[in-house]
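Asks: test case, fold it:
(one chain, ligands or ions: 1)
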Amino acid sequence: MLEIQGVTKKFKQHTAVHQLSLNVSEGEVFALLGPNGAGKTTTLNMILGFEKPDEGSISVDGYTVTENLKEVRKRLAFIPENVQLYPHLSGKENLAYFSQLAGINYSQDQLQSLLLEAGLQEKAHDSPISTYSKGMRQKVGVAIAYSKKAKLLLLDEPASGLDPLSSAELSQLVRKVASQGATVLMVSHDLFRVKETADRVGIFKNGELKKIVNASEVTANDLELIYQGIVE
Ligand SMILES: Nc1ncnc2c1ncn2[C@@H]1O[C@H](COP(=O)(O)OP(=O)(O)OP(=O)(O)O)[C@@H](O)[C@H]1O
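Replies: Numbers count the residues shown, from 1 in each chain. You can find the predicted model right below:
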């Protein structure tokens with residue numbers, strides 16, 4: 001579904017990503033873990049088409065990012081750490097607006113179902129976003145992903161700044177999205193959350209994918225030791 005082949009990205013003399021190859025399949029949650037400056041966000045930016053690889057190629061659902069960006073963007077949804085929404089509009093109005101941008105007009109009932117599916121309680125649907133917590137805004141982000149039937153969900157530090165309950169809830173939501181067939185690539189610094197959420201974890205250092213770990217085969221402590229062994 002997501003195929004990254006031999007990708008290198010340099011900023012002047014500095015290599016941010018070096019010879020990255022990675023395939024993430026349909027329904028899989030893959031987490032990128034690594035210290036600051038390891039190249040995780042640069043990788044996401046190349047998938048989103050914001051940065052162009054110097055070498056190699058990236059394709060989503062068979063469409064190459066550099067050649068078919070429009071088709072790629074139709075299939076993906078990006079949830080940054082802080083989901084940007086219109087603060088004076090409600091969750092439902094934001095969802096209506098963003099799904100219209102993606103070319104779909106939903107009825108009020110459909111908008112409500114999408115927000116419920118993303119875990120946003122009904123009483124919040126008509127309140128302005130300015131009253132929402134960070135976790136609630138992320139749920140609207142997930143509802144937007146649902147609304148455009150995104151096949152690939154990219155998340156950058158989704159759990160950062162969330163309280164433990166909201167963070168656990170987001171993990172469950174990510175698992176649910178994947179169980180419904182979407183592919184998920186998430187960047188995180190939260191080793192324990194990553195262990196709970198991802199099927200596979202890739203450890204990045206200095207722009208290189210040093211190791212891939214199957215999350216079900218390790219404990220969180222094992223993962224921490226593996227991470228420390230690579231990064232320190
Ligand atoms: N637009 C840019 N111009 C120059 N250098 C950049 C640019 N974007 C990223 N870099 C550099 O590339 C390297 C990788 O950065 P990147 O943001 O991908 O790391 P990261 O793993 O996402 O880090 P963090 O965990 O801090 O978000 C860093 O050394 C960074 O300074």
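
Asks: what's the first helix or strand after the longest helix along the chain?
Replies: Secondary structure of the chain per DSSP state H: the longest helix is helix 164-179. Next helix or strand after helix 164-179 toward the C-terminus (DSSP states H and E): strand 183-188.

Asks: before we move on, back to that, next, the buried residues of the longest helix of the chain.
Replies: Going by neighbour count (16 or more other Cβ atoms under 10 Å), the buried part of helix 164-179 is 166-167, 169-171, 173-175, 177-178. For glycine as for every other residue, the C-beta is placed from the backbone atoms N, C-alpha and C.

Asks: with pLDDT and distance to the ligand added, can I get these in JSON lines?
Replies: As requested, the buried residues of helix 164-179 are exported to JSON lines (pLDDT from 0 to 100; distance: Cβ to the nearest ligand atom, whole Å):
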{"residue": "166", "pLDDT": "82", "distance to the ligand": "21"}
{"residue": "167", "pLDDT": "85", "distance to the ligand": "17"}
{"residue": "169", "pLDDT": "84", "distance to the ligand": "23"}
{"residue": "170", "pLDDT": "86", "distance to the ligand": "18"}
{"residue": "171", "pLDDT": "88", "distance to the ligand": "19"}
{"residue": "173", "pLDDT": "86", "distance to the ligand": "22"}
{"residue": "174", "pLDDT": "89", "distance to the ligand": "19"}
{"residue": "175", "pLDDT": "92", "distance to the ligand": "23"}
{"residue": "177", "pLDDT": "87", "distance to the ligand": "22"}
{"residue": "178", "pLDDT": "92", "distance to the ligand": "22"}
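
Asks: from the residues you listed, pick the one nearest residue 93.
Replies: residue 173 (21.4 Å; Cβ to Cβ).

Asks: surely residue 197 meets residue 173?
Replies: No - counting by Cβ atoms under 8 Å, residue 197 stays clear of residue 173, with 9.6 Å between them.

Asks: tell me where the chain has strands.
Replies: Per DSSP state E, the chain carries strands over the ranges 2-11, 14-24, 29-33, 55-60, 63-64, 76-79, 152-156, 183-188, 200-205, 208-214.

Asks: turn these into JSON lines, including distance to residue 45 and mean pLDDT.
Replies: Listed next are those as JSON lines, based on distance: least, Cβ to Cβ, whole Å; pLDDT from 0 to 100:
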{"stretch": "strand 2-11", "distance to residue 45": "9", "mean pLDDT": "96"}
{"stretch": "strand 14-24", "distance to residue 45": "9", "mean pLDDT": "95"}
{"stretch": "strand 29-33", "distance to residue 45": "13", "mean pLDDT": "96"}
{"stretch": "strand 55-60", "distance to residue 45": "11", "mean pLDDT": "96"}
{"stretch": "strand 63-64", "distance to residue 45": "16", "mean pLDDT": "96"}
{"stretch": "strand 76-79", "distance to residue 45": "10", "mean pLDDT": "91"}
{"stretch": "strand 152-156", "distance to residue 45": "9", "mean pLDDT": "93"}
{"stretch": "strand 183-188", "distance to residue 45": "11", "mean pLDDT": "94"}
{"stretch": "strand 200-205", "distance to residue 45": "14", "mean pLDDT": "95"}
{"stretch": "strand 208-214", "distance to residue 45": "16", "mean pLDDT": "95"}
